[in-house]
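1. Please find the sequence and the predicted model below.
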Amino acid sequence: MWVRPVAWCDGPYSRVLMGAEFLPGMRPEKKDVAACGARCDHRRMVYTIRQTRREDWQLLRDLRLAALKDPVAPVAFFEPYDEALALTRGDWERRASGRARVTFIGETESGVWGGMVGAFVRDDHVWVVGVYMRPEHRGTGLAEALMRAAIDWAGGRETRLRVHENNQRAARFYASLGFRPTGGAETDPRDPALKAYELAFAPHAPGPATTPGEKAEA
């Protein structure tokens, strides 16, 4: 668990604090949150990035159901809303406990969960799933902080995920982190004509990342 401060603004000096990390209990100094100086009218958000615990089941359920109700859900998640809604408390407790997969969440100082990223191990790869940020927490740097947490949790193993062909915003985001197409794809169960492309992040891999259908510039 760690605390990550994020400062952002609408100008060219936005997100100047990306990558700054603080140990639990620490907070950014005044000089850090004012890093943009007089050039920007920025805000500050501090998130605690941590894994969920069994007792978090209700908050995890609320966030997952919000994700499946979000307008982006058709190109972000394969799990139907009605199936998730029908899960029992025991089901959510097992999800929150990290028994089958871990879930990283970004929690504000007031206890609000701004987003989450899931991860599990399969065939010596770490798979990232269930990436979701509440609309009001998008563009704050939380998504990158959570993805970095999942990549760190992978412990040097290759990290993989799938992104829907109609979710180019997400594809560009993953490419910016260093994820590259593997050539693999999975059919959208709701529309066999559409696919979710497989991307992989290999630690210390050389070269620029590209999104599916794009070519790297020379």
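-> Ah, there it is.

2. Return the alpha-carbon coordinates of the helix or strand hosting Ser176 using CSV.
-> Under the criterion of DSSP states H and E, Ser176 resides in helix 168-177. Extracted C-alpha coordinates of helix 168-177, given in CSV (Å, rounded to 0.1, in the frame of the first residue of the first chain):
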residue,chain,number,x,y,z
GLN,A,168,-9.5,3.1,-28.9
ARG,A,169,-9.2,5.4,-25.9
ALA,A,170,-8.2,2.5,-23.7
ALA,A,171,-5.9,1.1,-26.4
ARG,A,172,-4.1,4.4,-26.6
PHE,A,173,-3.8,4.5,-22.8
TYR,A,174,-2.3,1.0,-22.6
ALA,A,175,0.1,1.8,-25.5
SER,A,176,1.3,4.8,-23.5
LEU,A,177,2.3,2.5,-20.7
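
3. packing partners for it?
-> Secondary-structure packing of helix 168-177 (3 or more C-beta pairs under 8 Å, 6 or more residues apart in numbering; DSSP states H and E): helix 142-153, strand 159-164, strand 191-201. Every residue, glycine included, has its C-beta placed from N, CA and C.

4. CA atoms of the second one as CSV?
-> Written as CSV, here are the backbone C-alpha positions of strand 159-164 (Å, rounded to 0.1, in the frame of the first residue of the first chain):
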residue,chain,number,x,y,z
THR,A,159,1.6,-8.6,-17.9
ARG,A,160,-1.3,-9.1,-20.4
LEU,A,161,-4.7,-7.7,-21.0
ARG,A,162,-7.4,-7.5,-23.7
VAL,A,163,-8.9,-4.3,-25.2
HIS,A,164,-12.0,-4.2,-27.4
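
5. What is the burial count for Gln118?
-> Careful, residue 118 is Gly and not Gln. Look at Gly118: counted by other C-beta atoms under 10 Å, it has 23 neighbours.

6. ok, now how distant is it from Leu161?
-> Note on Gly118: its distance to Leu161, by C-beta to C-beta, to the nearest Å, is 10 Å.

7. Now do the shared contacts for these two.
-> Common neighbours of Gly118 and Leu161 (criterion: C-beta atoms under 8 Å, 6 or more residues apart in numbering): Val128, Val129, Val131.
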